[in-house]
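J.: Have a look; sequence and predicted model below, questions after that.
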Amino acid sequence: MTEKMSWFGRLKAGLQKSTEKITSNITAILTHRKLDQDVLNELEELLITSDLGVQTASELVKSLAKKKFNQNITDEEVRTHFADEIEKILEPYAQSLEINRTQKPFVVLVVGVNGTGKTTTLGKMAKRWKDQGYQLSIVAGDTFRAAAVEQLEAWGKRAGVPVIKGASKSDAAGLVYGALEASQKNGDDILLIDTAGRLHNKSALMDELKKVHRVIQKIDPSAPHATLLVLDATTGQNALTQVEIFKEAVDVSGLIITKLDGTAKGGVVVPIAHQYKLPIHAVGVGEGVEDLNPFSADIFAKNLMGIS
């Protein structure tokens, strides 16, 4: 119970910037006013500028109008309605990542642009899975950034998980191929693969990622069993473009949203789920291993709208 409450508190604090932007403006819009078309237009504009996206904002406002058009309404009623509707949108995609023990090793490929917190996220997952009793190895597939390898080695040491690395600037696909063969021989439950952060608009780097994906399938056609895209919430609407391009390149199977504690753009989680219908496995609100937790549609929606 204590852990759940502390996580709730961290998420609430993390979303504070996003929440304050939305709730203070809803209060200002609704001061002594009925829910007429002008108010609806202002609410829709607020939701769009709060990174909920045009489609989501339109649907939320339409559902509110259907219920309370031309009636007196309080800011609390508006926030409660939006929270309920957002929860409905997100609920189908709030899914923890399940490890299938019949697939050995269960291959998890972690991808994302530079600076999303991808390597840290991967280290947190490794620590958690090791604590749950899984045998796993980590592949330091970012062969171009020495700091990424050092970071993973620090997490590996902390978790008691071996880190497989190659020479600096060596071929990442070759490293991954050899690591998967070794992981199979070792009887690992999970093989966790880091990749170089890459700008989603650089085709050569995306081609390299596709190559890593192909060599994995040469050894195990069913792998990777999970391809996780790590998104930085502070990028707002740009995160939608990243999902589009990475999904096309490597068939992303699920998302992890980081840095919710440093942004007023936390609302972007809603259109990401709404548009791409991908599972959101976890969200991050800090640097510690305890700050990456399964995504809860109910808790997220209530906190975003300032409902305790």
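T.: Ah, there it is. Numbers count the residues shown, from 1 in each chain.
J.: State the pLDDT value of the spatially closest residue to Ile48 that is not a sequence neighbour.
T.: In space, and not counting its chain neighbours, Ile48 is closest to Ala57: 4.7 Å by CB to CB, 6 or more residues apart in numbering. Any C-beta I mention is one placed from the backbone N, CA and C, and that applies to glycine too. At Ala57, the predicted lDDT confidence score is 96.
J.: just Glu248 next, same as before
T.: pLDDT for Glu248: 89.
J.: what's the answer for Glu3, then?
T.: 48.
J.: what do you get for Lys169?
T.: Lys169 is assigned 82 on the pLDDT scale.
J.: And the one 4 residues further on, by the same measure?
T.: In this model, Ala173 is scored at 94, pLDDT.
J.: Is it located within a helix, as I assumed?
T.: Yes. Under DSSP: H, G, I helix; E, B strand; the rest coil, Ala173 sits within a helix.
J.: can you pull the contacts of it?
T.: Glu208, Lys211, Val212, Arg214, Val215 (CB atoms under 8 Å, 6 or more residues apart in numbering).
J.: Quick one: low-confidence residue ranges for the stretch 1-150 of the chain.
T.: 1-8, 32 (pLDDT under 70).
J.: Please compute how far the helix or strand where Ala148 lies lies from its chain's middle.
T.: For Ala148, the enclosing helix or strand under DSSP states H and E is helix 146-159. Helix 146-159 has its C-alpha centroid displaced from the chain centroid by 21 Å (CA atoms, centre = their mean, to the nearest Å).
J.: Equivalent analysis for stretch 29-43, please.
T.: 33 Å.
J.: And that stretch, what's buried?
T.: For stretch 29-43, the neighbour count (16 or more other CB atoms under 10 Å) marks Ile29, Leu30, Leu35, Val39, Leu40, Glu42, Leu43 as buried.
J.: Just the closest of those to Tyr134, please.
T.: Nearest to Tyr134 among these is Leu43, at 46.3 Å by CB to CB.
J.: Tell me the spacing between the residue lying closest to the closest one once chain neighbours are set aside and Thr120.
T.: Nearest residue to Leu43, sequence neighbours excluded (CB to CB, 6+ apart): Val61, at 5.6 Å. According to CB to CB, to the nearest Å, Val61 stands 37 Å off from Thr120.
J.: which of those two has more neighbours?
T.: Val61 (24 against 21; other CB atoms under 10 Å).
J.: List the contacts of the more buried one.
T.: Contacts of Val61 (CB under 8 Å, 6+ apart): Leu40, Leu43, Glu44, Leu47.
J.: how about 6 Å then?
T.: Each residue near Val61 by CB atoms under 6 Å, 6 or more residues apart in numbering is listed here: Leu40, Leu43, Glu44.
J.: In what element of secondary structure is it found?
T.: Going by DSSP H and E, Val61 is in helix 54-68.
J.: which element follows that helix toward the C-terminus?
T.: Using DSSP H and E, the helix or strand that follows helix 54-68 towards the C-terminus is helix 75-90.
J.: circling back to that earlier point, what about the contacts of Ala173, which are in helices?
T.: Glu208, Lys211, Val212, Arg214, Val215 (DSSP state H).
J.: I am finished for the moment; much appreciated.
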